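> just a sequence and a predicted model for now, questions to come.
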Amino acid sequence: MEATINIETADKKPSIFNLFKCKCPRCRRGDMFEHKNPYALKTTMKMNKVCPVCGQPLNIEVGFYYGSSYVSYAVSIALSAATFIAWWVIIGFSLNDNRFFYWLIFNSVFLIAAQPYIMRLARTGWLLFFVRYDNNWRTPPAQQLERMNEEQEKNW
């Protein structure tokens with residue numbers, strides 16, 4: 001499964017915002033997930049073993065992505081704060097009615113609807129802590145895995 005690279009944009013440094021598209025942190029061009037649609041729930045978390053563009057291993061060790069729950073929590077809190085501020089500015093809060101509870105319901109539904117994308121974004125962000133962008137990703141090969149135990153991979 002080879003990815004094609006646009007010749008015009010191949011030499012430009014890709015933006016950090018490509019991570020919101022769930023791209024590989026090393027080259028910021030290859031897709032981390034097998035399918036682009038996070039709402040195809042049977043395949044939401046199916047990842048490529050290596051980046052199809054630069055060859056970076058995406059599953060560094062067994063249980064590696066348990067740490068992505070911290071990123072997911074931070075993203076969820078940030079989104080909740082953003083919806084709280086937006087609700088406060090647009091609708092407002094009052095002690096005389098139930099607008100706060102309406103916001104709680106709205107925020108809960110919003111977070112549940114956004115959860116498949118948030119989980120993907122959290123994995124991309126977690127991998128970003130350990131794999132940095134490399135300007136010369138074409139020349140040196142990706143660093144190979146040190147502590148991968150294939151037999152234990154599915155036991156988590």
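Okay, I see it.

> tell me the contacts of the residue most central in space within the chain?
Residue closest to the average C-alpha location in the chain (Cα atoms, centre = their mean): residue 121, at 1.7 Å. By Cβ atoms under 8 Å, 6 or more residues apart in numbering, residue 121 lies in contact with 19-20, 22, 71-72, 75. Bear in mind the C-beta positions are built from the backbone N, C-alpha and C, glycine included.

> ditto for residue 83
Contacts of residue 83 (Cβ under 8 Å, 6+ apart): 103, 106-107, 110.

> at 10 Å what do you get?
Contact partners of residue 83, counting by Cβ atoms under 10 Å, 6 or more residues apart in numbering, are 103, 106-107, 110-111.

> ok, now residue 99?
Neighbours of residue 99 in contact, by Cβ under 10 Å, 6+ apart: 87-88, 91-93.

> among those, name the ones in strands.
Counting by DSSP state E, no part of the contacts of residue 99 is found in strands.

> in helices, which of those residues appear?
Those of those mapping onto helices are 87-88, per DSSP state H.
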